[in-house]
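**Q** my questions are about this predicted structure, shown below with the sequence.
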Amino acid sequence: MPYTPMSDLGQQGLFDITRTLLQQPDLSALSDALTRLVRQSALADSAAIVLWHSGTQRASYYSTRDNGKTFEYEDETYLAHGPVRRILSRPEALHCNFEEFRMAWPRLAGSNLYQPFGHYSMLPLAAEGHIFGGCEFIRTTALERSGVRASAHLYPDCGRGGRADPKSRHQ
């Protein structure tokens, strides 16, 4: 991948975003700040943090809803066997539309966590070489496919990372 130098203004913008995120006292505040930043920059309509707890095989979800309220959820079934499990097994950016998401994780797509959307992305979160979750970004409208790698789509190989099916806990 070719290197493209960033302008001083771009570097300052990334520094400001990083500083803002690092100053947050807890995950709820972090998800709120992240959501505000992605909305202000028109990168996404919503953002969430999904953390994987390997000891308990559970996943935690932190987001800020449209009404401004923070939302936290944790489980060992649908969420734990959804996109975060895929990120753990294939640590690369994940992109899909709602139909692909629904095909990969039908029960998660049918839950109250997700409403139909145009585009979904999850990026791995890692520290010291270990992935501990993902940061998801959702656009309510479809994303132009010209800038998205087709090979990064979920379907049809999404089952390798774990489907939203309680019977697949062994994956």
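**A** Right, received. Where do you want to start?
**Q** centroid-nearest residue for this protein?
**A** Nearest to the mean C-alpha position of the chain, counting by C-alpha atoms, centre = their mean, stands E136 at 1.7 Å.
**Q** in the protein, which spans are strands?
**A** Counting by DSSP state E, the segments of the chain that form strands are 46-53, 58-64, 70-75, 94-96, 119-127, 130-139.
**Q** by mean pLDDT, show me the worst of those.
**A** Looking at these, the lowest mean pLDDT belongs to strand 70-75 (a mean of 89).
**Q** how big is the angle separating that strand from strand 46-53?
**A** 30 degrees (axes from the mean of the first three to the mean of the last three C-alpha atoms, to 10 degrees).
**Q** bridge partners for the residue nearest to the centre of the chain, pull those for me.
**A** Assessed by DSSP bridges, E136 has beta-bridge partners A48, M122.
**Q** surely it meets P124?
**A** No. E136 lies out of contact with P124 (C-beta atoms under 8 Å); the separation is 10.9 Å. Where C-beta positions appear, they are placed from N, C-alpha and C, glycine not excepted.
**Q** can you list contacts of stretch 53-60?
**A** With contact meaning C-beta atoms under 8 Å, 6 or more residues apart in numbering, stretch 53-60 is reached by 27, 50-52, 72-76, 79-80, 82, 84-85, 133, 169.
**Q** then it to PDB, C-alphas only?
**A** What follows is stretch 53-60 as a C-alpha-only set of coordinates in PDB (Å, rounded to 0.1, in the frame of the first residue of the first chain):
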ATOM      1  CA  HIS A  53     -14.300 -11.500  27.300                       C
ATOM      2  CA  SER A  54     -12.300 -14.700  26.600                       C
ATOM      3  CA  GLY A  55     -12.500 -16.100  30.100                       C
ATOM      4  CA  THR A  56     -16.300 -16.100  30.100                       C
ATOM      5  CA  GLN A  57     -16.900 -16.300  26.300                       C
ATOM      6  CA  ARG A  58     -19.200 -13.200  26.600                       C
ATOM      7  CA  ALA A  59     -19.300 -10.000  24.600                       C
ATOM      8  CA  SER A  60     -20.100  -6.500  25.900                       C
END
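**Q** quick one: buried residues of that stretch?
**A** 59-60 (16 or more other C-beta atoms under 10 Å).
**Q** can you pull the phi/psi pair for Q23?
**A** The phi and psi values for Q23, taken as degrees, to the nearest 10, are phi -80, psi 0.
**Q** same thing with E76?
**A** phi -120, psi 10.
**Q** one more: the one 3 residues further on?
**A** Taking degrees, to the nearest 10, you get phi -60, psi -40 for the backbone angles of L79.
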